[in-house]
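Participant: Below are the sequence and a predicted model for it; my questions follow.
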Amino acid sequence: MRAPSGPDVSVGDVLLSVENVSLSFGGVNAVSDVSFDIRKGEIRAIIGPNGAGKTSMLNIINGFYQPQQGRITFKGQTRSKMRPHDAAHGGIARTFQNVALFRGMTALDNIMAGRTLKMHRNFFWQLLRYGPAMTEEVEHRRRVEEIIDFLKIQEIRRIPVGRLPYGLQKRVELGRALAMEPDLLLLDEPMAGMNLEEKEDMSRFVLDVNDHYGTTIALIEHDMGVVMDLSDRVVVLDHGIKIADGTPDEIKGNQGVIDAYLGVAH
Amino acid sequence: MHLLYMIFIDPFVQMGTAPDLLVQTLWEGLVAGVLYALIALGFVLIFKASGVFNFAQGIMVVFAALTLVGLYAHGVPAFLALAMTIGVMFLLALAIERFVLRPLVNQPDIILFMATFGLTYILIGFGELIFGGDPKVMIADQLLLPNGSYTVKMFGGFVQMQKIDIAAAVIASVMVASLAVFFQKTRIGRALRAVADSHRAALSVGISLEYIWVIVWFASGIVALATGIMWGARSNVSFALEVIALKALPVLILGGFTSIPGAIIGGVIIGVGEKIGEFYWGPLFGSGIEEWFAYVIALVFLLFRPQGLFGERIIERI
């Protein structure tokens, strides 16, 4: 375990920790006895070769998968499993490896959908578009427009997202997650399939979200350059087992990590 | 020559010379169409929320009607029986969500579709077990639905309108309008469309699938009940009613699987089309074209507008 006081780490309280979590599908161990924590305000990367269990880990954190063993502590509350609804309520938002948007809806509606949990007015008033419900709708629209400005997607807001190019879809998906005003944002390969320019844009957005909104971010990424530039701390998984945990510099020099990526000579 | 005359000239001559008959046919088509629209609406609700074609919709109509009639037969007053039937449809929605849909979250649509087949046969078996298989009479009078008819003098002839048909048209229109507004204008409506597009994305923003599914299955249960009452009042309540659900297919193809206004306009086009076709062109084929004419209209539509009149454009990236 690394002491959490390196000079390049903004030391916050632990926001989320997973302890001894294991998950298997039939006989396949997706995640075995993994423990790590995510601290408030940091950008935490989860890396590892294909099939290392990274996405499974995110799915456990936001409740899509229920681990067979282990504990998850989020905002001081410990439980053996999350439920998607609890996760979303508690302030965990996420994006997906292969974009999961509401394809038939416009970019604007997609991002508005991110505010579902923030809307409280009775549907009866919404139906009548009356009084408090209307004020509420307007207020949410304002917040959504801010996000749209922030992500620079003003001109595509009325277009059904199914028609947008991949890079923009990823951006809309990020917008939807931001609309939830999350405390913890999980990004599953936010730069996958992007060209260099799009990657740079996305990296900037990730850093800005972290700076600007103070959002804690956990991200899975294969582009090592991006990972080393963005993250404060990195956890490395291989075949479902944690093999390293530390600052980018420590990870770069870690022999176990190099072996996992390049293979070991026998 | 004679055949061409019979197809292209004669029907229109008839329409022109006996406009009262034309109006009568149009009216009957309109009523049939509104009832088709009601059935189609049940499908649309569930399709919108889960992307699943609910094969069990027809049997839900029968089940709702049987429950209503059965309760009344056991001495429950008509309106209490109606309220209790609504309660039963809610319990049914809860049960379907808990035991059919929840275990199948994130499965491909075809799996859910097959599950609705299973549901159909469970409801048939369950319904026969409790209510027996013999046809029953709908308690239309007890529910204060009007009977008898109006005869309107028009174009030198008479047009007859059954009061029950007028009531059906009014009730169906009100239901369609309120459901359309409910699903277009509320947060639940947006959540519903979200769930239809992607389960996991909906879950990730905190939309509760359980909640949405119970709502739509309950809504379509209510629609099924209304359909059952109206159709039951015109014929009687038996398991044979289940096949009217198949009439909803051409309506859906016309109107689009995802559009509530589409369901009602599609229903009217099909209803009117089939009555007019039967009355004016039917004799050419020895009559009886009403049974299949709707499917021909649907086929023609499939060629030119596969998403239906109001369906969402199907956007697929390759």
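Facilitator: Thanks, I have it.
Participant: can we go C-alpha only for contacts and neighbour counts from here?
Facilitator: Fine.
Participant: Report the buried residues of stretch A:195-204.
Facilitator: A:Lys199, A:Met202, A:Ser203 (16 or more other C-alpha atoms under 10 Å in any protein chain shown).
Participant: Please list all residues in contact with whatever residue of the stretch 101-250 of chain A ends up closest to chain B.
Facilitator: Of all residues in the stretch 101-250 of chain A, A:Phe102 sits closest to chain B, at 4.9 Å by C-alpha to the nearest C-alpha. Applying C-alpha atoms under 8 Å, 6 or more residues apart in numbering or on different chains to A:Phe102 gives the contacts A:Asn110, A:Val161, B:Arg193, B:Ala194, B:Asp197, B:Ser198, B:Ala201.
Participant: Ok, B:Val296 next?
Facilitator: Not one residue lies near B:Val296 by C-alpha under 8 Å, 6+ apart.
Participant: Return the distance of it relative to chain A.
Facilitator: 29 Å (C-alpha to the nearest C-alpha, to the nearest Å).
Participant: taking the mean pLDDT, what do you get for the host helix or strand of that residue?
Facilitator: Taking DSSP states H and E as the definition, one finds B:Val296 inside helix B:290-304. For helix B:290-304, the mean per-residue pLDDT is 83.
Participant: what's the answer for stretch A:231-246, then?
Facilitator: The average of the pLDDT scores along stretch A:231-246 is 90.
Participant: can you list the residues that contact that stretch?
Facilitator: Applying C-alpha under 8 Å, 6+ apart, the set of residues contacting stretch A:231-246 from outside is A:1-2, A:8-10, A:29-36, A:42-49, A:51-54, A:247-248, A:251, A:254, A:256-257, A:260.
Participant: Now a PyMOL select for only the buried ones of these.
Facilitator: To isolate the buried ones among those in PyMOL, judged by 16+ other C-alpha under 10 Å, type:
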select buried, chain A and resi 9+10+29+30+31+32+33+34+35+42+43+44+45+46+47+48+49+52+53+54+247+248+251+256+257+260
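Participant: Just the ones in strands from the contacts of stretch A:231-246, please.
Facilitator: Secondary structure from DSSP state E places A:29-36, A:43-47 of these in strands.
Participant: Which pair of those residues spans the longest distance?
Facilitator: The span of the ones in strands among the contacts of stretch A:231-246, defined through C-alpha to C-alpha, is set by A:Asn29 and A:Ile43 at 26.9 Å.
Participant: circling back: helix, strand or coil for the residue of the stretch 101-250 of chain A closest to chain B?
Facilitator: coil (DSSP: H, G, I helix; E, B strand; the rest coil).
Participant: Quickly note the distance from it to A:Ser56.
Facilitator: Counting by C-alpha to C-alpha, to the nearest Å, the gap from A:Phe102 to A:Ser56 is 22 Å.
Participant: ok, which stretches of the chain are strands?
Facilitator: Let's take chain A. Along chain A, counting by DSSP E, strands occupy A:14-25, A:28-39, A:43-47, A:69-74, A:77-79, A:92-94, A:184-188, A:216-220, A:233-238, A:241-246.
Participant: Oops, wrong one, chain B.
Facilitator: Under DSSP E, chain B gives strands at B:149-154, B:157-162.
Participant: In CSV: these, plus mean neighbour count.
Facilitator: CSV is the format used below for the strands of chain B (neighbours: other C-alpha atoms under 10 Å in any protein chain shown):
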stretch, mean neighbour count
strand B:149-154, 12
strand B:157-162, 16
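Participant: how many other residues sit next to A:Met119?
Facilitator: Residues lying near A:Met119 (other C-alpha atoms under 10 Å in any protein chain shown) number 13.
Participant: Could you pull up the contacting residues of it?
Facilitator: A:Glu136, B:Arg187.
Participant: Let me know how buried residue 90 is, in neighbour terms.
Facilitator: Using chain A here. A:Gly90: 16 neighbours (other C-alpha under 10 Å).
Participant: hmm, I had chain B in mind actually
Facilitator: Number of residues near B:Phe90 (other C-alpha under 10 Å) recorded here: 20.
Participant: repeat for B:Gly16
Facilitator: 12.
Participant: Let's see the pLDDT reported for residue 43.
Facilitator: All of this is about chain A. At A:Ile43, the pLDDT value in this model is 93.
Participant: wait, I meant chain B there
Facilitator: With respect to pLDDT, B:Phe43 has a value of 86.
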